[in-house]
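> Sequence below, structure please.
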Amino acid sequence: MVRFPNCKINLGLYITNRHADGYHDLETVFYPVPFRDALEIVPAKDKASIHLSGRTVAGDSTDNLVWKAYQMLKEKFPQQVGELDIYLHKAIPMGAGLGGGSADGAFMLQLLSDHFKIGLTDAQLVDTALQLGSDCPFFIYNTPQFAKGRGEQMTPINLDLSGFSLLLICPSVHVSTGKAFQMITPRPAPFDLRELDKLPVIEWKDNITNDFEAPIFEQHPELAAIKQQLYTGGAVYASMSGSGSTIFGLFPKGRKTGIITSLDYESFYVE
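Purely as a prediction, here's the structure:
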């Protein structure tokens, strides 16, 4: 059984509160993007194992959210979840603000529920996915969602960007999310992102922002330069996704900017 976990972008991102335990409240719109990894499970002849290909995944394979999702459901449903060989091919850049790891974990939960006929509801899958990470529940729904809290409190939003082309620029820059959080002063959201579908995309540039951009662009001015080059190249809206370092641009259908000259990067064009 095979699934293809996709990534996401953030449309607006506001850090609204900091808790004593170090967690932050945020408000954002998660939007799914059809740029995908590949995930396959087959019955194992012996003990379960995970096999990784494509992009190099840092750390021990047992720290991978796909493996953690498998172990989590195997513990909850030991009579149903059997031994598997798990194959994950990584195409989505990691640590780039695109949620690829979170998508892999969430898709694995769905895949296991379907394969072993556990029959988990979306609500049950969301509760389980939250134990893997704050972004994971979004990928259970995998439709445009207004999110708040840690990102797990979601409300569907009627937003369709199929009339635009999307260009993802993924630079070879590592962004420290923890350090970026420390540099942000929480504030009330300056725009109600639940109303984003009512605001023409051409007006997003002047109305919605990503709070991570200011501190991260200060550390990495080359990322600010990429965003400006996207606008110069004709983007109707450009922003950093999550805590970066991916910068994306929305363009009129079929159009994209020329070469970004700031630094080494990968680019992915999504119609």
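
> what does stretch 166-174 contact?
9, 33, 35, 93, 95-96, 98, 220, 222-223, 226, 230, 235, 241, 244-251, 256-257, 260, 262-271 (Cβ atoms under 8 Å, 6 or more residues apart in numbering). C-betas here are computed from N, CA, C, even on glycine.

> List phi and psi for Ser102.
phi -60, psi -40 (degrees, to the nearest 10).

> Please list all residues in contact with the spatially closest residue to it that is not a sequence neighbour.
The shortest distance from Ser102 to any non-neighbouring residue, by Cβ to Cβ, 6 or more residues apart in numbering, is to Asp135 (3.8 Å). Asp135 makes contact with 8, 30, 99, 102, 151, according to Cβ under 8 Å, 6+ apart.

> And Asp135, how far from Gly100?
10 Å (Cβ to Cβ, to the nearest Å).

> Tell me how the chain divides into domains.
2-156, 164-270 (automatic domain parsing).

> measure the last one end to end?
With Cα to Cα, to the nearest Å as the measure, the first residue of domain 164-270 is 9 Å from its last.

> what do you get for stretch 178-195?
29 Å.

> go on, stretch 253-268?
Across stretch 253-268, first to last residue, Cα to Cα, it's 15 Å.

> what does stretch 172-184 give?
23 Å.

> what number of residues lie near Ala58?
Other residues near Ala58 come to 8 when the count uses other Cβ atoms under 10 Å.

> Could you pull up the residues touching the residue lying closest to it once chain neighbours are set aside?
Nearest non-adjacent residue to Ala58, counting by Cβ to Cβ, 6+ apart: Met94, 7.4 Å away. By Cβ under 8 Å, 6+ apart, the contact list for Met94 reads 55, 57-58, 100-101.

> Same question for Val81.
Counted by Cβ under 8 Å, 6+ apart, Val81 has contacts 70, 73-74, 112, 116, 118.

> May I see those organised as TSV, with secondary structure, distance to Pro156 and neighbour count added?
Below are these laid out as TSV (DSSP: H, G, I helix; E, B strand; the rest coil; distance: Cβ to Cβ, whole Å; neighbours: other Cβ atoms under 10 Å):
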residue	secondary structure	distance to Pro156	neighbour count
Tyr70	helix	29	23
Leu73	helix	26	21
Lys74	helix	31	17
Leu112	helix	25	24
Phe116	coil	28	17
Ile118	coil	25	16
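
> Output the below-cut-off pLDDT ranges for this protein.
Along the chain, the parts satisfying pLDDT under 70 run over 22, 257-263.

> residue ranges of the strands in it, please?
Along the chain, the segments classed as strands by DSSP state E run 2-3, 6-18, 24-36, 38-43, 49-54, 84-90, 145-149, 153-156, 164-171, 237-240, 247-252, 265-270.

> quick one: the third one to strand 247-252, angle?
Put plainly, it is strand 24-36. 60 degrees (axes from the mean of the first three to the mean of the last three Cα atoms, to 10 degrees).

> Show me what counts as buried in strand 24-36.
Using 16 or more other Cβ atoms under 10 Å as the test for burial, strand 24-36 gives 24-33, 35-36.

> cool, and the last one?
Of the residues in strand 265-270, those scored as buried under the neighbour-count criterion (16+ other Cβ under 10 Å) are 265, 268, 270.

> what about the nearest residue to the last one once chain neighbours are set aside, neighbour count?
Taking Cβ to Cβ, 6+ apart as the measure, Val270 lies nearest to Leu166, with 4.3 Å between them; neighbours along the chain are not counted. Close neighbours of Leu166, defined as other Cβ under 10 Å, add up to 20.

> hey, what's the residue nearest to Ile169 when sequence neighbours are not counted bridged with?
Spatially, and ignoring its direct neighbours in sequence, Ile169 is nearest to Ile247 (4.7 Å; Cβ to Cβ, 6+ apart). On the basis of DSSP bridges, Ile247 is bridged to Ile169, Met240.

> which ones are touching Ile247?
By Cβ under 8 Å, 6+ apart, the contact list for Ile247 reads 168-169, 171, 223, 226-227, 230, 238-241.
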